[in-house]
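Trainee: Pasting the sequence and the predicted model now:
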2 protein chains.
Amino acid sequence: MKNKTVFSIGEFGLIEIIKRTFSKLNNNKNIVAGIGDDCFCFKSGMDTICITKDMLVEDIHFKRDWITSKELGQKAIEVNISDIAAMGNVKPEYAFIGLGIPSDTSKKFATDLANGFKTVCDKYNMTVAGGDTVKSNKIIISVSLVGITKNNIVKRTGAKPGDLIGITNTFGDSGAGINLLYKYGQKHKYSKAERSLINRQNNPKARLNESQKIAKYLTSLTDASDGLYVSIGLLAKESGLGADIYIDKIPLSSTIKKVFNKEKKCLDFALFGGEDYELVFTMPKSKAKIVQKIVPEVTYIGEINPSKKVRYFKNGKEEKIKYLGFKHF
Amino acid sequence: MKNKTVFSIGEFGLIEIIKRTFSKLNNNKNIVAGIGDDCFCFKSGMDTICITKDMLVEDIHFKRDWITSKELGQKAIEVNISDIAAMGNVKPEYAFIGLGIPSDTSKKFATDLANGFKTVCDKYNMTVAGGDTVKSNKIIISVSLVGITKNNIVKRTGAKPGDLIGITNTFGDSGAGINLLYKYGQKHKYSKAERSLINRQNNPKARLNESQKIAKYLTSLTDASDGLYVSIGLLAKESGLGADIYIDKIPLSSTIKKVFNKEKKCLDFALFGGEDYELVFTMPKSKAKIVQKIVPEVTYIGEINPSKKVRYFKNGKEEKIKYLGFKHF
């Protein structure tokens, strides 16, 4: 086709265009992680500086009716903290907030949003270092965080054959929460369990503390923003390896099981729902006990294999899994 | 009023809300420049790391018809380089590009935009370190640059009474160029001189080289993005001082004088037009000759006074200047 649109080439097509355009990345010896990892990281003397960048656009990533402005401000920072956590034992230091805001936005909305930013920046003892405000027709929140560490960072590329694959907490609640909002909107009379799923969607918590404590044992690490399926695929692919995943071992919350009583549905949310912001990582088997002792909410769901294929098993039998994820374009 | 909107409180009102919400800024001793300067800068060992963040939103900061996508990509990087130049002798190292892009954007537009980014990143020998693409209904370009230096940075706060006020090149062309586009659109048959003004608007060049060479002589420095009037006001205010400006000395290009033959109109563009991305700085009188020798395109247009008032003089007589600038909201 002569006049392809971004829609027809898809987001990965667009990223490929951009990657091809910028091929000099690996020439700079100070760069320790770049495009393809959760943060961009570079060496500065004894320090490694890690930078995140995420953009939330109204009606694409959130709807104003579905989340309070304070929650929105908190979430915008937490999801970037999650990218810092995905690099291991790194301390988030500075936040930059770029805000696109329509003229008719209420002062209350803006104040609550700023309070949301502040609540999370305070929680992580971070300094808001700058940013800008521009007029736009939709709310746009563009956050960059700077994290600093003297430790080795944990990239997506270091998994070894035989390594265990671990995850924190449960998966699927957040995806189930947004599914409910899509289906019934904000004003629906939700049960307590349903509210709890929506709460996981609107109030994610980055696993920074956990990551800081176990990073030194890990061989590869990411945070699950696009579902467990994508995260496992990334760790395997970036390490040039494959993975065997035991579906039965994927931890689901009692809440999601109460609301969606079909197990298949719950697993779909875990694999493809996204926005869990839990850690997904690999490590030598010999470290399994100590890691689980430090963070009891860790579950091992599989292991790295040398095949370059990600295989899913249920009751000992391989299952073909079809990608049902969210398409940006 | 109970339900003020962002429109009624204005951008400065919004920035005030955000500033008030984040008051911890000065507690961190590693921060050497923060909100209120052109970059956020912090110490990391022997290095000072400078970070910019700018957002360009379609139909607010640019119209797709008025600028080619390659020019747009170039401009998005140049205006951030200009913020790096505004900190003195700093080397821009890494670029992060966040892109919000509508589904119906052509592949050609996306490719040309990426080529625009690349052209300028290559020119400054910068590495594109990361970024993200998201769907949006308007094009949004959110760029952050990281600059690094072992030199002292030049802030907006260091001007001293008696310091000369210098600027690079001429002012007003860019504001005049956008004025023409607003009036006649892209398809109008423009004269060569008019095209040249539009070119200054669409193809700004950051004065990084000049800044790197003269930074060590300067006491305060900024880049003029919102017109000379705002830039001079900022240097005076941030240094807790005033300024005397000799309007007759403000350099105007022969092009702008040809297109708009009223001097008053040309000066309005210089003072309020914006997007010149020239340097505006102060320095001791004793350094005037050496600075002008290094950068011949420097003009001295006034000096810092201890009064906290910015006064404008024409033919030796004070003139009251009324702010005619661009309002974001």
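Mentor: Received it, and whenever you're ready, just let me know what you need.
Trainee: Could you say which helix or strand holds the residue nearest to A:Trp66 when sequence neighbours are not counted?
Mentor: Excluding its sequence neighbours, the residue lying closest to A:Trp66 (Cβ to Cβ, 6 or more residues apart in numbering or on different chains) is A:Leu181, at 4.8 Å. (C-beta placed from N, C-alpha, C; glycine too.) Following DSSP states H and E, one finds A:Leu181 within helix A:173-184.
Trainee: Can you tell me how far the nearest residue to A:Arg200 once chain neighbours are set aside is from chain B?
Mentor: Closest residue to A:Arg200 apart from its sequence neighbours, by Cβ to Cβ, 6+ apart: A:Asp173 at 3.9 Å. Distance of A:Asp173 to chain B, computed by Cβ to the nearest Cβ, to the nearest Å: 23 Å.
Trainee: so what's A:Asp173 up against?
Mentor: A:Ser196, A:Leu197, A:Arg200, A:Gln201, A:Ser253, A:Thr255, A:Ile256, A:Phe269, A:Asp276 (Cβ atoms under 8 Å, 6 or more residues apart in numbering or on different chains).
Trainee: One more pass at 6 Å, please.
Mentor: A:Leu197, A:Arg200, A:Ser253, A:Ile256 (Cβ atoms under 6 Å, 6 or more residues apart in numbering or on different chains).
Trainee: Could I get the CA-only coordinates of stretch A:228-239 as CSV?
Mentor: What follows is stretch A:228-239, C-alpha atoms only, in CSV (Å, rounded to 0.1, in the frame of the first residue of the first chain):
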residue,chain,number,x,y,z
LEU,A,228,1.6,-11.4,32.2
TYR,A,229,1.7,-12.9,28.6
VAL,A,230,3.5,-9.9,27.2
SER,A,231,5.8,-9.6,30.2
ILE,A,232,6.9,-13.2,30.0
GLY,A,233,7.3,-12.9,26.3
LEU,A,234,9.6,-9.8,26.7
LEU,A,235,11.9,-11.4,29.3
ALA,A,236,12.3,-14.6,27.1
LYS,A,237,12.8,-12.7,23.9
GLU,A,238,15.1,-10.0,25.3
SER,A,239,17.2,-12.8,26.8
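Trainee: Looking at that stretch now, give me its mean pLDDT.
Mentor: Average pLDDT, stretch A:228-239: 95.
Trainee: so A:Gly274 touches A:Gly227, yeah?
Mentor: Yes: counting by Cβ atoms under 6 Å, A:Gly274 touches A:Gly227, with 4.6 Å between them.
Trainee: More neighbours: which of these two?
Mentor: Of the pair A:Gly274 and A:Gly227, A:Gly227 is the one with more neighbours under other Cβ atoms under 10 Å in any protein chain shown, namely 26 against 23.
Trainee: my guess is A:Arg195 is in a helix, correct?
Mentor: Yes: remark: A:Arg195 belongs to a helix, assigned using DSSP: H, G, I helix; E, B strand; the rest coil.
Trainee: What residues does it make contact with?
Mentor: For A:Arg195, no residue meets the contact criterion (Cβ under 6 Å, 6+ apart).
Trainee: so A:Asp226 makes contact with A:Gly274?
Mentor: Yes: the pair A:Asp226 / A:Gly274 is scored as a contact, 4.8 Å apart, by Cβ under 6 Å.
Trainee: Which residue does chain A have closest to chain B?
Mentor: Here chain A gets closest to chain B at one residue, A:Gly45, 3.2 Å apart by Cβ to the nearest Cβ.
Trainee: Setting aside sequence neighbours, what's the nearest residue to A:Lys75?
Mentor: Distances taken as Cβ to Cβ, 6+ apart place A:Pro204 nearest to A:Lys75, at 6.1 Å, with adjacent residues excluded.
Trainee: Now for the one you found, how many residues are close by?
Mentor: 23.
Trainee: Wait, a strand at it?
Mentor: No: A:Pro204: not assigned to a strand; according to three-state DSSP it is coil.
Trainee: Am I right that the residue nearest to A:Trp66 is in contact with A:Asp65?
Mentor: No: A:Leu181 is beyond contact range of A:Asp65, at 8.8 Å (criterion: Cβ under 6 Å).
Trainee: Chain A: strands as residue ranges?
Mentor: For chain A, the strands defined by DSSP state E cover A:31-33, A:40-44, A:47-51, A:54-57, A:91-101, A:127-135, A:140-149, A:164-168, A:220-223, A:242-246, A:279-283, A:298-305, A:310-314, A:317-319.
Trainee: What is the first one packed up against?
Mentor: Read that as strand A:31-33. Packing partners of strand A:31-33 (3 or more Cβ pairs under 6 Å, 6 or more residues apart in numbering or on different chains; DSSP states H and E): strand A:40-44.
Trainee: what comes into contact with the strand it packs on?
Mentor: Against strand A:40-44 from outside (Cβ under 6 Å, 6+ apart): A:30-34, A:48-51, A:153, B:44, B:47, B:129-130.
Trainee: and the angle from it to strand B:140-149?
Mentor: 10 degrees (axes from the mean of the first three to the mean of the last three Cα atoms, to 10 degrees).
Trainee: partners of strand A:40-44 in the sheet?
Mentor: As defined by DSSP bridges, the strand partners of strand A:40-44 come to strand A:31-33 (antiparallel), strand A:47-51 (antiparallel).
Trainee: for that strand, which positions count as buried?
Mentor: A:Phe40, A:Cys41, A:Phe42, A:Ser44 (16 or more other Cβ atoms under 10 Å in any protein chain shown).
Trainee: Could I have the CA atoms of it written out in CSV?
Mentor: Provided in CSV are the C-alpha atoms of strand A:40-44 (Å, rounded to 0.1, in the frame of the first residue of the first chain):
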residue,chain,number,x,y,z
PHE,A,40,16.7,4.4,30.0
CYS,A,41,19.7,4.1,32.2
PHE,A,42,23.2,5.7,31.8
LYS,A,43,26.3,5.8,33.9
SER,A,44,27.4,9.1,35.5
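Trainee: average model confidence for it?
Mentor: The average pLDDT within strand A:40-44 is 92.
Trainee: Let me see the domain layout of chain A.
Mentor: According to automatic domain parsing, chain A comprises the domains A:28-149, A:164-319.
Trainee: Which one of those lies nearest to B:Lys160?
Mentor: Counting by Cβ to Cβ, B:Lys160 lies closest to domain A:28-149 out of the domains of chain A; the figure is 25.7 Å.
Trainee: how far away is the residue lying closest to A:Ile77 once chain neighbours are set aside from A:Thr149?
Mentor: Nearest residue to A:Ile77 in three dimensions, chain neighbours excluded: A:Val120, at 3.9 Å (Cβ to Cβ, 6+ apart). Note on A:Val120: its distance to A:Thr149, by Cβ to Cβ, to the nearest Å, is 20 Å.
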